[in-house]
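[1] Below are the sequence and a predicted model; questions follow.
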Amino acid sequence: VPLGVFWSVFLGTVWLQLLEVPDPSVVPHYQAGVVAFGLSAVIELLGEPFWVLAQAHLFVRLKVIAESFSVLSKCVLTVILVIFYPQWGLYIFCLAQLLYTSILVMCYVIYFMTFLGSPEATKKSFPVARMKALLPNLVEDETFVNWKEARLTWSFFKQSFLKQILTEGERYVMTFLNVLNFGDQGVYDIINNLGSLVARFVFLPIEESFYVFFAKVLERGKNVKHQKQDDVAMAASVLELLLKLVLLIGLTITVFGYAYSHLALDIYGGSMLSSGTGPSLLRCYSLYVLFLAVNGVTECFTFALMCKEEVDRYNFVMLALSFTFLCISYFLTRWHGSVGFILANCFNMGIRIAHSIHYIYDFFKESTYRPLSGLLPSPLLVLVYVASGAITVFSEVFFCCDKGWMARLIHISVGALCFAATIVTMFCTETKLIHFVRSH
């Protein structure tokens, strides 16, 4: 929390004093927005110990309820204020963000206040008995700092910092180098927010939950021969099916996203979004979602098994990749506008996927398990994807999007038929995966 306060104050000062501040007549209340979002970050950090405890003990239902309730509250408040008080401008989003973080933290706090010390916690032999144990304190007969854990934490901190650059690097390039004007930045943000919905609501929960699963099933820093073989078999099976699951989700979004990006943006934002670079951005983002899907699962397995030395070595790789990514983002954006950011992100994710695949291959090569086969869908399903992509692209050319609503409905119907054919083929060819999804 103290570090969070420091960074909130420091970065808030940078944004208000060193960077270009929008014209108050165009973007009013900008300063209040910076302060409010910094404060919301500090509030969210207050709930971090409870979030970590819930993750470590697989309290999935708590996480789903807390995040769903807080997001729903944020959306409802935003809609109400936008309709009744549109003149408030950025104040609306500041209040919504503060409400979101406050409700999120309160859900965790209230749950653990009720759970800790209860008969259910005692029955489960829960390691924490009182709320006081979650507060900073000194333990008798123990050193103030566990240096082994501190060094591992420092390694993960450096990795998180580099991942932040790789994940949000295009925003820093946009902010500090002014490669796009505010209008293009606005369109890019809209496309980024729309495109990342699947990543936030589908891929991120999978990544977080199964990171904990792999960390519990396998021991960090040990090779496959020194692990319990039953656990290795379980981890390999789950990893293979997870890779297959996210790959098929990503392929579906990539194939159908290409032909329906223009229509989706036209329905969502009218000609303002669909007549410019918006469709090209969303098409590229559909491909980027495929990279995001595979990278999330491969990295969650890799990070669950890496020891400190491996994490440190990977940090050097990420440092070089961060510098390369920022340079590529800058030059691709100069060459191809905002689409360059997404292409740079695809390059970034591709390199990270290659590293994780290499790690997974090395880990399992001395065993009989080959979980990376999950990245190979059945040939028949690949053929259906190719056919669906070709048919929907031709449908877009002939029926979308300036030929009236009847032509649009025909285009949508063609996509629905192709999608249904894809799902039926998936059920017929990927029976093991279907059973896995149903049972989990």
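    Happy to help now that I have it. Numbers count the residues shown, from 1 in each chain.

[2] And the lengthiest helix in the chain, what does it pack against?
    Determined from DSSP state H, the single longest helix within the chain is helix 229-269. Judged by 3 or more Cβ pairs under 8 Å, 6 or more residues apart in numbering; DSSP states H and E, helix 229-269 is in contact with helix 182-195, helix 204-217, helix 271-274, helix 278-305, helix 379-399, helix 405-429, helix 431-439. Heads up, the C-betas are built off the backbone N, CA and C, glycines and all.

[3] Show me the one of these that comes nearest Gly340.
    helix 278-305 (9.5 Å; Cβ to Cβ).

[4] number of nearby residues for Val393?
    12 (other Cβ atoms under 10 Å).

[5] residues in contact with the nearest residue to it once chain neighbours are set aside?
    Spatial nearest neighbour of Val393, excluding adjacent residues (Cβ to Cβ, 6 or more residues apart in numbering): Ala259 at 5.1 Å. Residues in contact with Ala259, defined by Cβ atoms under 8 Å, 6 or more residues apart in numbering, are 389, 392-393, 395-396, 415.

[6] May I ask which of the residues you listed has the most neighbours?
    The contacts of Ala259, ranked by neighbours (other Cβ under 10 Å): first place Thr392, 23 neighbours.

[7] ok, the closest residue to that residue other than its chain neighbours to Cys418 distance?
    Once flanking residues are discounted, Thr392 sits nearest to Ala259: 3.6 Å by Cβ to Cβ, 6+ apart. Counting by Cβ to Cβ, to the nearest Å, the gap from Ala259 to Cys418 is 9 Å.

[8] Phe115 now?
    48 Å.

[9] ok, now Ser209?
    Ser209 is 31 Å from Cys418, by Cβ to Cβ.

[10] Neighbour count: these two, which is higher?
    In terms of neighbours (other Cβ under 10 Å), Cys418 is the more surrounded of Ser209 and Cys418; the figures are 22 against 15.

[11] List the contacts of that one.
    256, 387-388, 391-392.

[12] closest to Val297 among those?
    Phe256 (21.3 Å).

[13] since we're on the closest one, how many residues are nearby?
    Neighbours around Phe256, by other Cβ under 10 Å: 20.

[14] My read is that it contacts Val393, right?
    No: between Phe256 and Val393 there is no contact under Cβ atoms under 8 Å: 10.4 Å.

[15] So, low pLDDT: which residues of the chain?
    137-144, 165-184, 440 (pLDDT under 70).

[16] How is it partitioned into domains?
    The chain resolves into domains spanning 1-135, 148-376 when parsed by automatic domain parsing.

[17] any idea which of those is most buried?
    Across the domains of the chain, the average number of neighbours (mean count of other Cβ atoms under 10 Å) peaks for domain 148-376, which reaches a mean of 18.

[18] what separates it from the chain centre, distance-wise?
    8 Å (Cα atoms, centre = their mean, to the nearest Å).

[19] try stretch 41-51
    19 Å.

[20] Extract the C-alpha set from that stretch and format it as PDB.
    Taking Å, rounded to 0.1, in the frame of the first residue of the first chain, the C-alpha atoms of stretch 41-51 are listed here in PDB:
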ATOM      1  CA  ALA A  41      -5.700   2.200  -7.300                       C
ATOM      2  CA  VAL A  42      -4.800   2.700  -3.600                       C
ATOM      3  CA  ILE A  43      -8.300   1.500  -2.500                       C
ATOM      4  CA  GLU A  44      -7.900  -1.600  -4.600                       C
ATOM      5  CA  LEU A  45      -4.500  -2.300  -3.100                       C
ATOM      6  CA  LEU A  46      -6.100  -2.400   0.400                       C
ATOM      7  CA  GLY A  47      -8.100  -5.500  -0.700                       C
ATOM      8  CA  GLU A  48      -5.000  -7.200  -2.300                       C
ATOM      9  CA  PRO A  49      -4.300  -9.400   0.800                       C
ATOM     10  CA  PHE A  50      -7.800 -10.700   0.700                       C
ATOM     11  CA  TRP A  51      -7.700 -11.300  -3.100                       C
END
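
[21] quick one: contacts of it?
    Identification of contacts with stretch 41-51 by Cβ under 8 Å, 6+ apart yields 1, 4-5, 8, 63, 98, 101-102, 104-105, 108-109, 111-112, 134.

[22] quick one: which of those residues is nearest Arg283?
    Lys63 (32.8 Å).

[23] what about the closest one, which helix or strand?
    In this assignment (DSSP states H and E), Lys63 forms part of helix 60-84.

[24] for that helix, packing partners?
    Judged by 3+ Cβ pairs under 8 Å, 6+ apart, helix 60-84 is in contact with helix 48-56, helix 90-115, helix 204-217.

[25] now Phe126, what's its secondary structure?
    Following DSSP: H, G, I helix; E, B strand; the rest coil, we place Phe126 in the coil state.

[26] surely it meets Gly117?
    No: using Cβ under 8 Å, Phe126 makes no contact with Gly117, being 9.1 Å away.

[27] still on that earlier bit, may I see the helices and strands packed on helix 60-84 arranged in a markdown table, with distance to Ser68 as well?
    Below are these laid out as a markdown table (distance: least, Cβ to Cβ, whole Å):
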| stretch | distance to Ser68 |
| --- | --- |
| helix 48-56 | 14 |
| helix 90-115 | 10 |
| helix 204-217 | 11 |
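
[28] where's the closest residue to His262 other than its chain neighbours relative to Phe161, distance?
    Leaving aside its sequence neighbours, His262 sits nearest to Pro279 (Cβ to Cβ, 6+ apart; 4.2 Å). Distance from Pro279 to Phe161, counting by Cβ to Cβ: 35 Å.

[29] One more: Ser25?
    According to Cβ to Cβ, Ser25 stands 37 Å off from Phe161.

[30] Can you give me every residue that contacts the closest residue to Leu273 other than its chain neighbours?
    Leaving aside its chain neighbours, Leu273 sits nearest to Leu265 (4.3 Å; criterion: Cβ to Cβ, 6+ apart). Neighbouring residues of Leu265 by Cβ under 8 Å, 6+ apart: 273-274, 278-279, 282.
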